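>>> Take this sequence and fold it.
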Amino acid sequence: MEETLDTHEHAEQPVALGLLDRVAAGAVAVAGAALLGMVVVQALQVFARYVINDSPGWTEPVALILLNTAMSFGAAAGVHRGSHFGFFVLVHTASPPIKRVLLALSNSVIAIIGGALAVWGTQLLLDGIDIPMAGAPLPQSAVFAPMAMGGALMALFALQRLFAVLVSPASARSE
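Numbering: from 1, shown residues only. Below you'll find the model as predicted:
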């Protein structure tokens, strides 16, 4: 049997999903709902502009928030599933000790980037919370809320994957 360090590749799925699996499923649901919402808002924008000749001002900022939501939550779910961008050919051809180092490095970088998105996104959100958005009754910085939440989820999921790599049973045999 081939040994793997990727914590999601060959693992049997338990009947009851774990907490982080449910959070990731929620992130996928939020991303999907945001995509559907963006389609509706953009369709309304096109209809209002070209049929009614009276475009509502709120559609563009709302579409941007929905786009940021879909991207951020979708990226977080991708980190949880291990389907984010990566050098998978290099990882899969490496020896088990090198594979462990590469997976740990990859998940560490993702956790750092997710943490930075969470921290800086929150700072940007709070900095513009009292400035009204042009065209919509929202704070100007509302577009940064999904980035902050998605970054926090990315960091959480990457730390979970990093922990799984570091404590995998193969680590005891490779030392």
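>>> what's the weakest-modelled helix or strand in the chain?
Lowest on mean pLDDT, DSSP states H and E among the helices and strands of the chain sits helix 170-174, with a mean of 48.
>>> Same question for the top helix by length along the chain: list its buried residues.
Longest helix in the chain, counting residues (DSSP state H): helix 96-127. Buried positions in helix 96-127, judged by neighbour count with 16 or more other C-beta atoms under 10 Å: 99-100, 102-104, 106-107, 110-111, 113-115, 117-118, 121-122, 124-125. In this view, the C-beta of every residue, glycine as well, is placed from N, C-alpha and C.
>>> for stretch 39-57, same thing?
Here stretch 39-57 shows 41-42, 44-45, 55 as buried, counting by 16+ other C-beta under 10 Å.
>>> For this protein, which segments count as helices?
Counting by DSSP H, the helices of the chain are 19-47, 59-81, 88-93, 96-127, 145-166, 170-174.
>>> In terms of mean pLDDT, which of those ranks lowest?
Among the helices of the chain, helix 170-174 carries the lowest mean pLDDT, at a mean of 48.
>>> what's the closest of the buried residues of stretch 39-57 to Gly135?
Closest to Gly135 out of the buried residues of stretch 39-57 is Ser55 (9.8 Å), distances taken as C-beta to C-beta.
>>> who's in contact with stretch 22-36?
17, 66-67, 69-74, 76-77, 80-81, 146, 150, 153, 156-157 (C-beta atoms under 8 Å, 6 or more residues apart in numbering).
>>> what's the closest non-adjacent residue to the spatially most central residue of the chain?
Among the residues of the chain, the one closest to the centroid is Ala76, at 2.0 Å (C-alpha atoms, centre = their mean). Once flanking residues are discounted, Ala76 sits nearest to Leu153: 3.6 Å by C-beta to C-beta, 6 or more residues apart in numbering.
>>> Would you mind measuring from the one you found to Pro132?
Noted for Leu153: a distance of 28 Å to Pro132, by C-beta to C-beta, to the nearest Å.
>>> So for the two, which residue has more residues nearby?
A side-by-side neighbour count of Leu153 and Pro132, using other C-beta atoms under 10 Å, places Leu153 first with 26 against 11.
>>> Cross-check the contact I'm expecting between that one and Gly74.
No: using C-beta atoms under 8 Å, Leu153 is not in contact with Gly74; the gap is 10.5 Å.
>>> Enumerate every residue touching the residue nearest to the centre of the chain.
24, 27, 114, 150-151, 153-154, 157.
>>> cutoff 7 Å now
Taking C-beta atoms under 7 Å, 6 or more residues apart in numbering, we find Ala76 in contact with 27, 150, 153-154, 157.
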